[in-house]
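Novice: Here is my input; please provide its structure:
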Amino acid sequence: MSKPVIGVTCAKYADGLRVNRNIQRIIEELGGEVRPFNWETLKLYELLGEVLQIDGFIFPGGGDLMPSFYGQEKLPECGEPAVKRDDMEMNLFPLLMQRGLPILGICRGCQMINAGFGGTLVQDLPSQKGVVHRQPTEEGYFHTVTIAGGTRLLAAVGQAEIQVNSLHHQAVDEIAEGFRVSALAPDGTVEGIECIDRSRFIVGVQWHPEMLDDEYSRSIFAAFMGAVAIKQDKCD
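Specialist: Sure thing, here's the model as predicted:
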């Protein structure tokens, strides 16, 4: 079996547009290779050709989505969206679904999955819900999450309650049709979603497992790569 190729949206950093280095490292350690999806240079008509070259896709963290994508007017607290990134990622969903590729969403990526399949978002947790989910620094853990029984996420991490980090001010609100909540924060904020159809691996988590050095975080990527391997076997 050939080495699995994982498409990953590039994110903007001080040194330019690139794939998150932690995500790239983890995918490579798990036997895969990363194919960057650069939304500044990639044309929408090129997406099908790119999707044909990959075996799975990761929607990573980043800035706020355009509220128009989930049928809302932009609130003052919502950040300025990267329109080209939003357009590219939204246009990826039908292509990824057509090929039946495993999908993992991280933070913004979890929100993108929900919006991409018809759900909505809380644009600003502090002003709309009165809760804060952005920890003071990027280091360490911030709160627990409770993982629902019978979910892919629970099967991956093997424990119903884990510690996670938290670096967001937006969150999933109304759940997309065909999806379920897989994890909740103590204040009720949605921390995980996944596709109800067990034949499809589509999982989103609101925290950043790529930034945490523990077995539960690693297991999420391992479960994703396991689904990629199963998909490869079926295609061979």
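Novice: pLDDT score assigned to Cys235?
Specialist: Looking at Cys235, its pLDDT stands at 66.
Novice: Got the phi and psi for the closest residue to Pro81 other than its chain neighbours?
Specialist: Sequence neighbours aside, Met66 is the residue nearest to Pro81 in space, at 4.3 Å (criterion: Cβ to Cβ, 6 or more residues apart in numbering). For the C-beta atoms, the positions are set from N, CA and C on the backbone; glycine is no exception. Here is the backbone geometry of Met66 (degrees, to the nearest 10): phi -70, psi 120.
Novice: what sits against Met66?
Specialist: When contacts are counted by Cβ atoms under 8 Å, 6 or more residues apart in numbering, Met66 touches 74, 81, 83, 86.
Novice: And the buried ones among those residues, selectable in PyMOL?
Specialist: Typed into PyMOL, the line below selects the buried ones among the contacts of Met66, using 16 or more other Cβ atoms under 10 Å:
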select buried, resi 81+86
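Novice: in stretch 133-148, what counts as buried?
Specialist: 133, 142-143, 145, 147.
Novice: what residue is smack in the middle of the protein?
Specialist: Gly105 (1.1 Å; Cα atoms, centre = their mean).
Novice: what pairs with the helix or strand in which that one is found, and is each one parallel or antiparallel?
Specialist: Element membership of Gly105 [criterion: DSSP states H and E] is strand 103-106. Here strand 103-106 has these sheet partners by DSSP bridges: strand 56-59 (parallel), strand 202-205 (parallel).
Novice: next one: that strand to chain centre, how far?
Specialist: 3 Å (Cα atoms, centre = their mean, to the nearest Å).
Novice: what's it in contact with?
Specialist: Residues from elsewhere that reach strand 103-106 (Cβ under 8 Å, 6+ apart): 23, 56-61, 96, 111-113, 201-205, 207-210, 220-221, 224.
Novice: right, and the helix or strand after that strand?
Specialist: That would be, after strand 103-106 and using DSSP H and E, helix 108-116.
Novice: so where do the strands sit in the protein?
Specialist: Per DSSP state E, the chain carries strands over the ranges 5-9, 11-13, 16-18, 33-37, 56-59, 103-106, 121-122, 143-147, 161-164, 171-172, 179-184, 190-195, 202-205.
Novice: so which of these gets nearest Leu47?
Specialist: Proximity to Leu47 (Cβ to Cβ) singles out strand 33-37 among the strands of the chain, at 8.4 Å.
Novice: who does the longest helix anywhere in the chain touch, helix- and strand-wise?
Specialist: Longest helix in the chain by number of residues (criterion: DSSP state H): helix 215-235. Packing contacts for helix 215-235, counted by 3 or more Cβ pairs under 8 Å, 6 or more residues apart in numbering; DSSP states H and E, involve helix 21-29, strand 56-59, strand 103-106, helix 152-157, strand 202-205.
Novice: What are the buried residues along that helix?
Specialist: Under 16+ other Cβ under 10 Å, the buried positions of helix 215-235 are 216-221, 223-225, 227-229, 231-232.
Novice: just stretch 11-22 next, same as before
Specialist: Quick answer for stretch 11-22 (16+ other Cβ under 10 Å): 11, 17, 19-20.
Novice: So for stretch 139-146, mean pLDDT?
Specialist: The model assigns stretch 139-146 a mean pLDDT of 94.
Novice: Now the terminal residues of it, how far apart.
Specialist: End-to-end distance of stretch 139-146 (Cα to Cα, to the nearest Å): 21 Å.
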